[in-house]
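>>> Here's my sequence, what's the structure:
(chains A and B)
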Amino acid sequence: MNREAPAVVTVNGQLDLGTINHWEALVERAATSAPTVVLDLSGVTFIDSAGVHALFRMVNELQMKSRRLTLVAPPQAPVRRLLEILDLESLVTVHRSLEEARAG
Amino acid sequence: MSESFETRSRVAGLSLSVPAALNALPVVRERLRRWLESAGATKDDVHDIVLASWEACANAVEHPMGPTAKEIALHARESDREVLVSVRDSGLWLERGPATREGRGFGILLIEALMDDVEIERNSRETVVQMRRQLGRA
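All right, here's what the predicted structure looks like:
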């Protein structure tokens, strides 16, 4: 394997109106050191529309810097359903687990 | 017995009033979550109703027009396994175009997907969102 390892950002707790600035800053920083950022949403306890909207922004912003964002969201997690309802899955790769995401 | 046979409620209604500020919303979320659990809501019910209500409150905090708010009042009641939540704020939401994933309208889209029925009433003084959802639906 000669690809550079992705940077992993693990979100624990809330990804909502009150916390999106924090997580966006972490993703931006991670993108400076790796071509791909894996945002692990497995530990998200609450995500709202502002959180999903922030994910859209992160995808677009990394794209503009020739970086790539992928997500990890377990199949039964509420976050997964929100990604479906708001149709983010057409825009970004969503892995079932961190292992799967690391494998690319 | 003075109990009504028309409707059956497991719990008394919930009434909350908080400042229209972001840092007040987690309290509303937790209080509503506990109330829904005591009303016999399933895990999915709790998630969806809490999120829809959060979205209504977040809209009140994020997009009020005119002099800054004020208050958000949330009322919830349960009757015959149906939950009705109303969120009233003393501000006027910005009128928004159709929902797009790039921007505004996401919150409303989500509320509509999560609840069985949604009504939004705006006038010059306030905005009221009324939402219903049957508990334990498939």
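>>> secondary structure class for the residue nearest to B:S38 when sequence neighbours are not counted?
Nearest residue to B:S38, sequence neighbours excluded (CB to CB, 6 or more residues apart in numbering or on different chains): B:V11, at 5.1 Å. Backbone N, C-alpha and C define where each C-beta goes, glycine included. What DSSP: H, G, I helix; E, B strand; the rest coil gives for B:V11 is coil.
>>> Next SSE downstream of the worst-scoring helix or strand of chain A on mean pLDDT?
Sorted by mean pLDDT, DSSP states H and E, the helices and strands of chain A end with helix A:78-85, the least confident at a mean of 90. Elements were assigned by DSSP states H and E; along the chain past helix A:78-85, the next helix or strand is strand A:94-95.
>>> Relative to the whole chain's centre, how far out is whichever helix or strand comes after that following strand?
Sequence order places helix A:98-103 as the next helix or strand after strand A:94-95, per DSSP H and E. On the basis of CA atoms, centre = their mean, to the nearest Å, helix A:98-103 sits 13 Å off its chain's mean C-alpha point.
>>> Identify each buried residue in helix A:98-103, please.
Across helix A:98-103, burial judged by 16 or more other CB atoms under 10 Å in any protein chain shown covers A:A101.
>>> for stretch B:34-50, same thing?
B:W35, B:L36, B:A39, B:A41, B:D45, B:V46, B:H47, B:D48, B:I49, B:V50.
>>> near chain A, from those residues?
B:H47 (CB under 8 Å from any CB of the partner chain).
>>> Let me know the closest of the buried residues of stretch B:34-50 to chain A.
Each of the buried residues of stretch B:34-50 was scored against chain A by CB to the nearest CB, and B:H47 proved nearest at 5.2 Å.
>>> Could you confirm A:T70 falls within a helix?
No - counting by three-state DSSP, A:T70 is located in no helix; its state is strand.
>>> in the sheet, who's paired with it?
On the basis of DSSP bridges, A:T70 is bridged to A:V38.
>>> what do you get for A:V9?
With DSSP bridges as the rule, A:V9 is bridged to A:L39.
>>> Can you tell me which residues in chain B are near chain A?
Residues of chain B lying near chain A (CB under 8 Å from any CB): B:22-23, B:25-26, B:29, B:47, B:51, B:54-55, B:58, B:61-62, B:101-103, B:106-107, B:109-110, B:113-114.
>>> how close does A:T10 sit to chain B?
Distance of A:T10 to chain B, computed by CB to the nearest CB, to the nearest Å: 21 Å.
>>> Please identify the helix or strand for B:D45.
Going by DSSP H and E, B:D45 is part of helix B:43-62.
>>> got the CA positions of that helix in CSV?
Provided in CSV are the C-alpha atoms of helix B:43-62 (Å, rounded to 0.1, in the frame of the first residue of the first chain):
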residue,chain,number,x,y,z
LYS,B,43,-36.5,4.8,21.4
ASP,B,44,-37.3,5.8,17.8
ASP,B,45,-40.2,8.0,18.9
VAL,B,46,-38.0,9.8,21.4
HIS,B,47,-35.2,10.4,18.9
ASP,B,48,-37.5,11.7,16.2
ILE,B,49,-39.8,13.9,18.4
VAL,B,50,-36.9,15.3,20.3
LEU,B,51,-35.0,16.1,17.1
ALA,B,52,-38.1,17.7,15.4
SER,B,53,-38.7,19.8,18.4
TRP,B,54,-35.1,20.8,18.6
GLU,B,55,-35.3,21.9,15.0
ALA,B,56,-38.3,24.1,15.7
CYS,B,57,-36.5,25.7,18.7
ALA,B,58,-33.3,26.1,16.7
ASN,B,59,-35.1,27.9,14.0
ALA,B,60,-36.5,30.3,16.6
VAL,B,61,-33.0,31.0,17.9
GLU,B,62,-31.3,31.1,14.5
